[in-house]
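>>> Fold the following, please.
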Amino acid sequence: MRFVFLLLILFNFIFANILSLDKAFNVTLNSDKQALYINFKLGDEIYLYKDKITIKLNEKDITKLLNFPNPIIKDNEYIYYKNLSLAVPNILLDQYTQKKDSLLQITYQGCSNQGLCYQPQKINYSLKEKNNIYIYSKINKIKQQNPTSASEESIIEKFINTENLFTILITFFGYGLLLSLTPCTLPMIPILSSLIMSKVGISKKYSFFLSFIYVFFMSLAYAIAGIIASYIGASVQGLLQKPVVLIFFSLIFVLFSLAMFEVFNFELPSKFQNFIHKKTNQGKGIISIAIMGFLSALIVGPCVAAPLAGALLYIANSGDMILGGLTLFTMSFGMGIPLLFIGLGIGFIKPGQWMKKVKILFGFIMLGMAIWILERILDFRFILIGYGVLGVFFCVFMGIFDKAKNFLNSFKKSLLILILSLSIALFLAGIFNIKEVPNFLSNQTQKYNFLNFTYISNLDELLNVIKNSQKKVMIDFTATWCENCKLLDNITFKDPAVIKELNEYKLIKVDVSENNEEQIKIMKHFNVFGPPVLIFFQNNQEKLKITGFIKPQDLLKKISFDEN
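Predicted structure coming up:
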């Protein structure tokens, strides 16, 4: 456990220089008989974007009417360092407020020289005129004018803000248990199983301990990635989908598969092995299990769901890394509970000669994971060829040409022949680039109705469509690497009732697979931390926001809001 303690200290050190929102941007007001003064005091190495500063009075933009000091040019952007003070003359206030109770809205965004950008921030003040001086008071929350526009993540954010710590953690642990049933977490099962099975002869207690280490570091990865995502306002998953990163992760699985085939072993230097052996009596596998637990969360973790997005929104708006990080850690630990039972179950398995075949099986599973990761960057025909070749080698290594001496061997050989047939079919489909399987049993062609999506990759164009559309608008944030996005496309968006309902909408897809500058810009504007996210607009007003996979019947219930 010393290793875990040291890692936590390292984690604290890494994020020690990340300033909270209050320390990075300290906004204060003061007033006299001449003007109302808005003062920005910035933290060390923090700067503001000039074009991201907006001042509104009763929803009327007065930014261009104010005198700004000369900005600094950095990377072709106009920015402000250190302090910035803006004066709003009382004459201007009188004109736009008519000396009645009014709303002042201040919007801004800034970054750190360390390369981290904060989410856009909005502060609201009520203004009252008294004896020619404007009295101000901060408004923490603005009443929702349209209750249907409250998203699930905003409700969860409010829950974190209002409930006590114990209730929050228990609730997020429950969210994690529910998320453990989603398809995106399934690849973690063979990863953990193969790692534990490779440690021949370990006890039930130690098998469970290794599972705990895996889940702990998986949860730690979620907490760290979540904190980073909440500050930079972008999907950390997206950042990890670059081709170079995916190839690197794929090679890691290839290396672990070679270890399963006993081509080589992952071993620490002998001095460290002896030290760990003395301390634990077992001492094998902790480092590799911890690394794979951490990486698995980043590589094959679930797409963004409402509880995860709610926690990210809370961190972004409050700057509270401790509570936000705890909720993310607790939720992901709940996701890992089934993995603990898998480790416990494997611990009851008695070692024997048959385990060599099991290690070979998991070695091929690791190679399958490597191909699965490359699906996101390679043409699908090459993926089919890869799975086909892998299947052929699997059948040979598992003994398809061995003599069947009993019923069990005959059954295994029959199963391997079926796998070999499928593998050859996949290989040929890839070679000849066959994308559709013909139906030889029917002369009729089945027709499907599909939704007609328009792909938009520019924020200005997207906002223009929302503003000018005569129809209701639905935006679907998607990505090629997002498993829940595929479920939406293949299940929800193919449901006849959903198709009929959504034909009344202008349908837009925003593909954030590349996570480039423009895609990040769009995600920041709509407060999207990662796909899948569906946002519904009517008369240029956001009506509904859905994060994560949703079943057809549930979607139909949610989008049946009143047009008024």
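
>>> who does the longest strand that the chain contains pair up with?
When the chain is parsed with DSSP state E, its longest strand is strand 121-130. According to DSSP bridges, strand 121-130 forms sheet pairs with strand 102-108 (antiparallel), strand 133-139 (antiparallel).

>>> And the ones you listed: which comes nearest Asn490?
Among those, the nearest to Asn490 by C-beta to C-beta is strand 102-108 (39.2 Å). For glycine as for every other residue, the C-beta is placed from the backbone atoms N, C-alpha and C.

>>> list the buried ones in the closest one?
By 16 or more other C-beta atoms under 10 Å, the buried positions in strand 102-108 come out as 102, 104-108.

>>> Out of the strands paired with strand 121-130, which is closest to Ile123?
With C-beta to C-beta as the measure, strand 102-108 is the member of the strands paired with strand 121-130 nearest Ile123 (4.7 Å).

>>> next helix or strand past the closest one?
strand 110-112 (DSSP states H and E).

>>> Can you check the pLDDT for Lys158?
At Lys158, the model reports a pLDDT of 68.

>>> Ile419 now?
In this model, Ile419 carries a pLDDT of 93.

>>> burial measure for it, as a count.
For Ile419, the neighbour count with other C-beta atoms under 10 Å is 16.

>>> swap in Ile365?
Neighbour count for Ile365, taken as other C-beta under 10 Å: 22.

>>> Next: the one 4 residues further on.
When counting by other C-beta under 10 Å, one arrives at 24 neighbours for Met369.

>>> do the same with Ser414
Quick note: Ser414 (other C-beta under 10 Å) scores 12 neighbours.

>>> how close does it sit to Ala404?
As judged by C-beta to C-beta, to the nearest Å, Ser414 and Ala404 stand 9 Å apart.

>>> What is the burial count for Asp32?
Neighbours of Asp32 under the rule other C-beta under 10 Å: 11.

>>> Phi first, then psi, for it.
phi -140, psi -170 (degrees, to the nearest 10).

>>> I'd like to know how far Phe261 sits from Met331.
Distance from Phe261 to Met331, by C-beta to C-beta: 36 Å.

>>> Those two: who's more crowded?
Each of Phe261 and Met331 has its neighbours counted (other C-beta under 10 Å); Met331 has more, 28 against 15.

>>> packing partners for the stretch of helix or strand the more buried one belongs to?
Assigned by DSSP H and E, Met331 belongs to helix 321-335. Using 3 or more C-beta pairs under 8 Å, 6 or more residues apart in numbering; DSSP states H and E, the elements in contact with helix 321-335 are helix 152-162, helix 165-179, helix 204-232, helix 306-318.

>>> How far does the second one sit from its chain's centre?
Right, helix 165-179. The chain centre lies 18 Å from the centre of helix 165-179; the measure is C-alpha atoms, centre = their mean, to the nearest Å.

>>> angle of that helix against helix 204-232?
100 degrees (axes from the mean of the first three to the mean of the last three C-alpha atoms, to 10 degrees).

>>> in what helix or strand does Phe382 lie?
Applying DSSP H and E, one finds Phe382 within helix 380-397.

>>> quick one: which helix or strand includes the closest residue to Ile213 other than its chain neighbours?
Closest residue to Ile213 apart from its sequence neighbours, by C-beta to C-beta, 6 or more residues apart in numbering: Ile289 at 4.9 Å. Element membership for Ile289 (DSSP H and E) is helix 286-300.

>>> Just the CA coordinates for that helix, please, in PDB.
Extracted in PDB, the C-alpha atoms of helix 286-300 (Å, rounded to 0.1, in the frame of the first residue of the first chain):
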ATOM      1  CA  ILE A 286       1.100  -5.400  -8.500                       C
ATOM      2  CA  ILE A 287       2.800  -3.000 -10.900                       C
ATOM      3  CA  SER A 288       1.400  -4.500 -14.100                       C
ATOM      4  CA  ILE A 289      -2.100  -4.800 -12.600                       C
ATOM      5  CA  ALA A 290      -1.900  -1.100 -11.500                       C
ATOM      6  CA  ILE A 291      -0.700   0.100 -14.900                       C
ATOM      7  CA  MET A 292      -3.300  -1.800 -16.800                       C
ATOM      8  CA  GLY A 293      -6.100  -0.700 -14.400                       C
ATOM      9  CA  PHE A 294      -5.100   2.900 -15.000                       C
ATOM     10  CA  LEU A 295      -4.700   2.500 -18.800                       C
ATOM     11  CA  SER A 296      -7.900   0.500 -19.200                       C
ATOM     12  CA  ALA A 297     -10.000   3.300 -17.800                       C
ATOM     13  CA  LEU A 298      -8.500   5.700 -20.400                       C
ATOM     14  CA  ILE A 299      -8.600   3.200 -23.300                       C
ATOM     15  CA  VAL A 300     -11.900   1.300 -22.900                       C
END
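
>>> In terms of secondary structure, what does that helix contact?
Other elements packing on helix 286-300 under the criterion 3+ C-beta pairs under 8 Å, 6+ apart are helix 2-14, helix 188-197, helix 204-232, helix 243-260.

>>> on that earlier part again, and the longest strand of the chain, what's its mean pLDDT?
Across strand 121-130, the average pLDDT comes to 87.
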